[in-house]
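Student: Quick one: sequence plus predicted model below, questions after.
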Amino acid sequence: MLRLLLTVIVIAAAAWSGYWYVGATSLESAFSNWFEERRAEGWVADYTSLKVQGYPNRLDTVATGLAMADPGTGLAWEAPQFEINALSYQPNHVIAVWPGQQLLATPQEKYHLSSDDMRASLVIAPDTTLQVERTALTAESLEIRPASGKGSTALQSLRLAAEHVPMADAATYRLGLAAEGFSPSLGWRDLVDPNGTLPDRFDALSADLTVEFDKPWDRSAIEIARPQPQMIHLRLAEARWGRLELQAAGEVSVDSAGQPTGEITIKARNWREILELAVNAGAIPPGLAGTLRDGLSLISGMAGNPKTLDIPLGLRGGRIMLGPVPIGPAPVLRLR
């Protein structure tokens, strides 16, 4: 009986070892082929080493010396090491781990990113499309420094989450953001608050929204093109900075050019100072500031609290509208 039991254990161990070896070899080959396909499309897609480890219960892919650049968008990324970790019996649930130092480049600027711990949990569909079902990214002590030396932006912690909305269109996702200890760059603070009356850090910065995209987030989002928003339902976005507080909620549709159409309700506490910050930042033309201040003073006074403003802003025709009056350009909502 003991001999039979030992035989069964040896056979099971050998079978599991074979399963792990086949899985590790296939995974390493798949990653190597993916890099080769990107290079064939004109990307920069280089690495120093690529290996799969973690026997017997894990399939952990570790790549070193990464350098990637997409010629279609002008985006590039470099990292000394990147890990994609998974349990061998649950390969569609992975943990991505970024290094403490990274380089991210856009057509406008290069950024050095540093963090104590940046990682993401990702659950994908168990098929070749690799559609995202849910994901959550966390980062601690994140600092973003432009290579031009214009000053760094820092966060004590960052939480980003996305989840496919069940029983809805396949391309609909609920998104959440929470940033603690957000400290904008000194140059930006000097621009919008030249007298230094506000604290260095925001007290709160968060958002909760549902977005319908033109296609699902899957492997084609990297290989071909990013999904683009078509409908945005903003439950609540909130920013608190010292004595200033700004909240927004509403719904907009987005056309193929990224132009939003809809209405966002804004609630602002100490709105006169927020208006001054917007003028200093260049978001509102100085010549319009006086007219806006007079009109908003009338609206807030009629509501009973001259320091608090609760108004709907329209977005149409590429403009932000306060009633019939355009007050600035609307943002273009396109993902590169």
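Tutor: That came in fine, so what should we check first?
Student: contacts and neighbour counts: CA atoms only from here.
Tutor: OK.
Student: now the helices for this protein?
Tutor: 2-40, 186-192, 220-223, 271-280, 286-303 (DSSP state H).
Student: for the last one, which positions count as buried?
Tutor: The one in question is helix 286-303. Within helix 286-303, the residues that count as buried by 16 or more other CA atoms under 10 Å are 289, 292, 296, 297, 299, 300.
Student: How far does stretch 268-283 sit from its chain's centre?
Tutor: Averaging C-alpha positions (CA atoms, centre = their mean, to the nearest Å) puts stretch 268-283 25 Å from its chain's average.
Student: who touches the residue most central in space within the chain in this structure?
Tutor: Ranked by distance to the mean C-alpha position of the chain (CA atoms, centre = their mean), the top residue is residue 160 at 6.6 Å. Shown in contact with residue 160 (CA atoms under 8 Å, 6 or more residues apart in numbering): 136, 137, 138, 175, 176, 177, 178.
Student: Of those, select the buried ones using a ChimeraX command.
Tutor: The buried subset of the contacts of residue 160, as determined by 16+ other CA under 10 Å, is captured in ChimeraX by this line:
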select :136,137,138,175,176,177,178
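Student: Out of the contacts of residue 160, name the ones that lie in strands.
Tutor: 136, 137, 138, 175, 176, 177, 178 (DSSP state E).
Student: what residue ranges in the stretch 101-250 of the chain score low on pLDDT?
Tutor: 167-169 (pLDDT under 70).
Student: residue ranges of the strands in it, please?
Tutor: Applying DSSP state E, counting those that start in this stretch to the stretch 101-250 of the chain gives strands spanning 101-105, 110-114, 117-124, 132-146, 153-164, 172-180, 204-213, 229-241, 244-254.
Student: Just put these in TSV and tack on distance to residue 78.
Tutor: Shown next, in TSV, are the strands of the stretch 101-250 of the chain (distance: least, CA to CA, whole Å):
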stretch	distance to residue 78
strand 101-105	5
strand 110-114	10
strand 117-124	15
strand 132-146	14
strand 153-164	19
strand 172-180	24
strand 204-213	28
strand 229-241	27
strand 244-254	32
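Student: between those, which one is nearest to residue 30?
Tutor: strand 117-124 (16.2 Å; CA to CA).
Student: Need the contact partners of stretch 305-319.
Tutor: 252, 259-272, 296-297, 299-300, 320-323, 326-331.
Student: do the same with stretch 105-117
Tutor: With contacts defined as CA under 8 Å, 6+ apart, stretch 105-117 is touched by 74-77, 98-104, 138-148.
Student: how does it look with 6 Å?
Tutor: Residues from elsewhere that reach stretch 105-117, judged by CA atoms under 6 Å, 6 or more residues apart in numbering: 74-76, 100-104, 139-147.
Student: For residue 143, list the residues it contacts.
Tutor: By CA under 6 Å, 6+ apart, the contact set of residue 143 is 113, 114, 153, 154.
Student: same question but for residue 176, I mixed them up
Tutor: 160, 161, 207, 208.
Student: Give me the number of neighbouring residues for the residue nearest to residue 328 when sequence neighbours are not counted.
Tutor: Closest residue to residue 328 apart from its sequence neighbours, by CA to CA, 6 or more residues apart in numbering: residue 320 at 5.4 Å. Residue 320 sits with 23 neighbouring residues when counted by other CA atoms under 10 Å.
Student: which residues does residue 320 bridge with?
Tutor: residue 315, residue 328 (DSSP bridges).
Student: On the pLDDT front, check residue 10 for me.
Tutor: Residue 10 is assigned 65 on the pLDDT scale.
Student: returning to what we had before: read off the pLDDT value for the residue nearest to residue 328.
Tutor: Model confidence at residue 320 (pLDDT) stands at 90.
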